[in-house]
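Participant: Sequence below, structure please.
(2 chains)
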Amino acid sequence: MYKHTKILGLFFLVLWYVLSPSSIYGQLTIGQYEDEAPFRTWNIYGTSSALSFGMGNARYAVPAKNSWTANPALLTLGPEFSISLTGATTESSIQKYGIINTGVFITSEDTISARYYSLDSMGIQFRYRDWGIGFSTGILEDYGRPKVDYEEDYEGIPVYTLNFSQEGYLRGYSIGLSRKFGKKISLGVGINIVDGTMTESFEEELLYLQLSYDNHKNHKLQGLFFNGGIHIQMSERIAIAAVIRTPYTKKTASDSIFEYNSSLTNTNIQIKADAENTYKIPLLLGLGFHFNLTDSLRMAMDLSYFNWAQYKVHYFDEDFDRNFRNVLKFNTGLEYATPINLFGQEALAPLRVGFIYDPQPMRFPQSRYLYFTMGAGLQIGRFTLDIAAIIGRESGSGHGLFAQKSLVTISYRLDRGPLT
Amino acid sequence: MIKKYVILILAMIFSISGPVLTQSYADQEIVSFSSSDDLLERIKGMSLDFLMEWDNRVYLVVSPQELRELRRRRIPVIVETALFHQKDSERISAQTSLNGIFHSYKEAEKVMMDLAQDYPEIAAVVDIGDSLEGRNIYALKISDNVSAEENEPAVMITGCHHAREWISVEVPLLFCQHVVQNYASNLQIRQMVNQSEIWVIPIVNPDGLEYSIHYYRYWRKNMRNNADGTYGVDLNRNYGYMWGLDDEGSSSTTNSGVYRGTGPFSEPETQAVRDLFDQRDFQSLISYHSHGRVILYPWGYTRTPSTQETALKALGDGMAAVIQQVNGNTYRVARAGAGLYITNGDTTDWVFGVYGKPAYTFELPPIDRLHGEFYNSESDIQPIFNENLPALLHIIDYSIQNWSGDSNLTRQGQKRRLPKIDIHKIPIKK
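Facilitator: Purely as a prediction, here's the structure:
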């Protein structure tokens, strides 16, 4: 019990760290100026783990770490008690964002790469008889961009500076509840709260004229949505699942200021605005399949329908049409797992591969990412360590953007359950 | 000396105090004149609202009637309101739009649609073309029997060729509102509207304006992807007369602020203006820009005066004079190439060079780079419009008075016909 207390203490220490996200930079937008576009991909739902990402992030029908945040019904299929922690590095090349490659600043190369590190998510889940409950928190979306710090000198004296930055994140808190009906059917529901911040800053200064032009925007985001899912064990080897995420509104309390300042003439002109912005995030529907092909080999597959055509933005008192289309995302993966003997202990060392087809919602240009994923795990006793990497390339924009993500998940279960 | 500073600070506080005060002084101006005994003698008997004395000048808060009376008494007053406005941006409560009370594309669209809806007999919105990013470029046609084809002289008023010049959207928009809202009650306006067609295009460059609001306040050009990493063509260097004559008046370098494009009228925004101008019997044009408080007339492409120099200068002087009568502000009148800098492919050279009609670039306040540059405080919008209104009425009146009455005008000696423009109500996109 003492050991468990220490582990729980460590868990909550790390939880505190996760809840204090550091600044991270990086963003992908293709041919559009949107500031609210999440890093790497628009198609984000729930948190995940290295186990799932190793299998192409196909998780609707696969009980695995935080996969219950996508399908709460999975809570009845997990261990009696477990905690997990996932860290990730994400890198992506980007082409257009803010003032970069859209008119003001031209990058010397076609694309810019950005990388960030974060403790992605944490989860805790309990199962008692036919009931399951879980809590998870994690960074769902990142709004960061590479910074610009530009300076022009004349004979060694700075005469002009331009600074641009954008930072932000959306953090989610999920509570899930699940019940098993009979031996085959599990149903689950989830309540999800999101909050976050986004700041945009632009400062330009003509030092020789003592002139400055500033533009700052601050946004505080919040929202609430529900999700639900069903898991049906069709046979010993086959399970299917269906999930739904309700449409919801991300609201922001936002302020903005344009400012002109001339020190020589003591002229200061400000244009200020306060607004409540809304981003109407559309419905998501998903289907999942899980096949135990043999005792050692299993396969998973997800289909996700994002109703992006209904995405609506109300920003500083104006409605904006992002001209999005509905998209169907496809995830699939394989896992080969066999017991091994490691230093005299029985262990499980699964190997995983996967594939993701991730079409982006913009109509012009239409683009999609194709990802290959791979991962491995090691489960010894109550501990499991999973690692995964995904590598993808985009087509359609003409820029051949790449994206990759590496994840590590550590998990611990109290009950000495079977090696699965 | 300390007393003077105290008075000055009190005056500043006075000028930026709360909304009640602001409202009660909404139509009033702060003026100053030299505190000489002679001038003080001349204001005897007037009940004036003294503000302060500073640096041998007397500052007063005056109503429009009092301002006229001061001028009638030959007091050389200077309107100083803008001096105080520049300090008082806090006075305007925060707006919900990024650009405050300045108009974005959609906001301007709504103003024009509302005017057309509320005054269907005299105002109609015409979609004259699409921008590069697919936005409609709107003109508001103001005339009696607006949907009818009438044989009348036309005047074109344009704004926002350059994205960052937000004030150049406001003056044409306010003019639209002023004319249609005063048509019934103001005889002068009614006669003008009855005898002419007034075509107002408040936003020639809608894509650039939106980029300026949302991404980079100082964006100037349109949003042309030049396919070399750079963006934008300077629309006011893209017109077809003397286009690309030299690299002084425009640039062939794509990342230049005055990049002229790949050819004359290469941009859909200038094509839209050209096509409209070509279809109507336009007698004159005003193109609003900022900044400088200058009225410029052709030529821009050369420092040599045109053969119509005297007439162009006289009309420009006439407009400057009626502006000055409003509040004492002076707009310098100059031939563009000689008075400002050489430009080629600009709007006014094209109108004058191709059609032989007077055309003016109005560089609106502020006066220079160090007093706001392309920024105007929100509280300056109305005063700037107020001072420019008489100039607009002046050129419309000129166009009516000097119209030959022949709708089959010659264009460089050739007869041309006037094709019909479809005037329709365009639903606002939600």
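Participant: from here on, contacts and neighbour counts on C-alpha atoms
Facilitator: Fine.
Participant: give me the element the residue of chain A most remote from its centre is part of.
Facilitator: Among the C-alpha atoms of chain A, the one most distant from their mean position (CA atoms, centre = their mean) is that of A:T265, at 48.3 Å. Using DSSP states H and E, A:T265 falls within no helix or strand.
Participant: Just to check, it is in contact with B:D368?
Facilitator: No - with contact defined as CA atoms under 8 Å, A:T265 does not count as touching B:D368 (10.8 Å).
Participant: Distance-wise, check A:I340 relative to A:Q379.
Facilitator: 10 Å (CA to CA, to the nearest Å).
Participant: between these two, who's got more neighbours?
Facilitator: Taking neighbours as other CA atoms under 10 Å in any protein chain shown, A:I340 and A:Q379 compare with A:Q379 leading, 21 against 16.
Participant: Pairing partners for the residue lying closest to the more buried one once chain neighbours are set aside in the sheet, please.
Facilitator: Once flanking residues are discounted, A:Q379 sits nearest to A:L348: 5.1 Å by CA to CA, 6 or more residues apart in numbering or on different chains. As for beta bridges, A:L348 partners with A:P339, A:Q379 under DSSP bridges.
Participant: what does chain A have sitting close to chain B?
Facilitator: Proximity of chain A to chain B, by CA under 8 Å from any CA of the partner chain, involves residues A:98-99, A:101-104, A:106-107, A:211, A:256-257, A:260-262, A:264-265, A:267-275, A:316-319.
Participant: count of neighbours near residue 341?
Facilitator: Here I'm looking at chain A. 11.
Participant: ah, no, chain B please
Facilitator: 15.
Participant: Specify the local secondary structure of it.
Facilitator: Secondary structure assignment for B:Y341 (DSSP: H, G, I helix; E, B strand; the rest coil): coil.
Participant: now do the one 10 residues further on
Facilitator: Under three-state DSSP, the three-state class of B:V351 is helix.
Participant: Which residues are in contact with it?
Facilitator: B:S284, B:L285, B:K357, B:P358, B:A359 (CA atoms under 8 Å, 6 or more residues apart in numbering or on different chains).
Participant: So of those residues, which two are at opposite extremes in space?
Facilitator: The distance between the two most remote of the contacts of B:V351 (CA to CA) is 7.8 Å, for B:L285 and B:K357.
Participant: Which one's more surrounded, those two?
Facilitator: A count of neighbours by other CA under 10 Å puts B:L285 above the other of B:L285 and B:K357, at 27 against 19.
Participant: surely that one meets B:A359?
Facilitator: Yes - in terms of CA under 8 Å, B:L285 counts as a neighbour of B:A359; the distance is 4.6 Å.
Participant: between those two, what contacts are shared?
Facilitator: Contacts common to B:L285 and B:A359, judged by CA under 8 Å, 6+ apart, are B:T348, B:V351.
Participant: can you map out the strands along the stretch 201-350 of chain A?
Facilitator: Using DSSP state E, counting those that start in this stretch, the strands of the stretch 201-350 of chain A run over A:211-233, A:238-245, A:248-262, A:267-281, A:284-292, A:297-306, A:312-315, A:318-320, A:327-336, A:339-342, A:345-348.
Participant: Compare the ones you listed and give me the one nearest B:M319.
Facilitator: strand A:267-281 (28.5 Å).
Participant: gap between the two ends of stretch B:318-338?
Facilitator: End-to-end distance (CA to CA), stretch B:318-338: 20 Å.
Participant: Which residue does the stretch 101-250 of chain B have closest to chain A?
Facilitator: For the stretch 101-250 of chain B and chain A, the shortest gap (CA to the nearest CA) falls at B:Y231, measuring 4.8 Å.
Participant: hang on, the earlier thing: the residues of chain A next to chain B, buried ones only, as a ChimeraX selection?
Facilitator: Buried residues within those, by 16 or more other CA atoms under 10 Å in any protein chain shown, are selected in ChimeraX with:
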select /A:98,99,101,102,103,104,106,211,256,257,260,261,262,267,268,269,270,271,272,273,274,275,316,317,318
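Participant: so where is chain A shaky, pLDDT-wise?
Facilitator: Along chain A, segments meeting pLDDT under 70 span A:1-33, A:108-110, A:416-420.
Participant: All the helices of it, residue numbers only.
Facilitator: With helices called from DSSP state H, chain A shows them at A:2-18, A:50-54.
Participant: burial measure for B:T310, as a count.
Facilitator: For B:T310, using other CA under 10 Å, the count is 11.
Participant: And for the one 3 residues further on?
Facilitator: The criterion is other CA under 10 Å. On that basis, B:K313 has 19 neighbouring residues.
Participant: which one is whatever residue of the stretch 51-200 of chain A ends up closest to chain B nearest to, not counting chain neighbours?
Facilitator: Closest contact between the stretch 51-200 of chain A and chain B, by CA to the nearest CA, is at A:G103 (4.8 Å). Among residues not flanking A:G103 along the chain, B:Y231 sits closest, at 4.8 Å (CA to CA, 6+ apart).
Participant: residues in contact with the closest residue to A:T199 other than its chain neighbours?
Facilitator: The shortest distance from A:T199 to any non-neighbouring residue, by CA to CA, 6+ apart, is to A:N218 (4.5 Å). Going by CA under 8 Å, 6+ apart, A:N218 touches A:T197, A:M198, A:T199, A:E200, A:S254, A:D255, A:S256.
Participant: now the residue of the stretch 101-250 of chain B closest to chain A, which residues is it bridged with?
Facilitator: Counting by DSSP bridges, B:Y231 forms beta bridges with B:N225.
Participant: Show me what the longest helix along chain B is packed up against.
Facilitator: For chain B, the helix with the greatest residue count under DSSP H is helix B:381-401. Other helices and strands packing on helix B:381-401, by 3 or more CA pairs under 8 Å, 6 or more residues apart in numbering or on different chains; DSSP states H and E, are strand B:154-158, helix B:167-182, helix B:187-195, strand B:282-290, helix B:309-327.
Participant: per-residue confidence averaged over that helix?
Facilitator: If you average the pLDDT over helix B:381-401, you get 97.
Participant: Now do it against strand B:282-290, angle only.
Facilitator: If you take axes from the mean of the first three to the mean of the last three CA atoms, to 10 degrees, helix B:381-401 sits at 160 degrees to strand B:282-290.
Participant: For helix B:381-401, output the C-alpha coordinates as CSV.
Facilitator: Extracted C-alpha coordinates of helix B:381-401, given in CSV (Å, rounded to 0.1, in the frame of the first residue of the first chain):
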residue,chain,number,x,y,z
ILE,B,381,-14.0,60.1,-38.7
GLN,B,382,-17.0,62.4,-38.6
PRO,B,383,-15.0,65.7,-38.6
ILE,B,384,-13.0,64.5,-41.6
PHE,B,385,-16.2,63.7,-43.4
ASN,B,386,-17.7,67.0,-42.4
GLU,B,387,-14.9,68.9,-43.9
ASN,B,388,-14.9,66.9,-47.1
LEU,B,389,-18.6,66.9,-47.7
PRO,B,390,-18.7,70.4,-49.4
ALA,B,391,-15.9,69.4,-51.7
LEU,B,392,-17.9,66.4,-52.9
LEU,B,393,-21.0,68.5,-53.4
HIS,B,394,-18.9,71.0,-55.2
ILE,B,395,-17.5,68.5,-57.8
ILE,B,396,-20.9,67.0,-58.3
ASP,B,397,-22.4,70.4,-59.0
TYR,B,398,-19.5,71.1,-61.3
SER,B,399,-20.1,67.9,-63.2
ILE,B,400,-23.8,68.7,-63.6
GLN,B,401,-23.1,72.3,-64.7
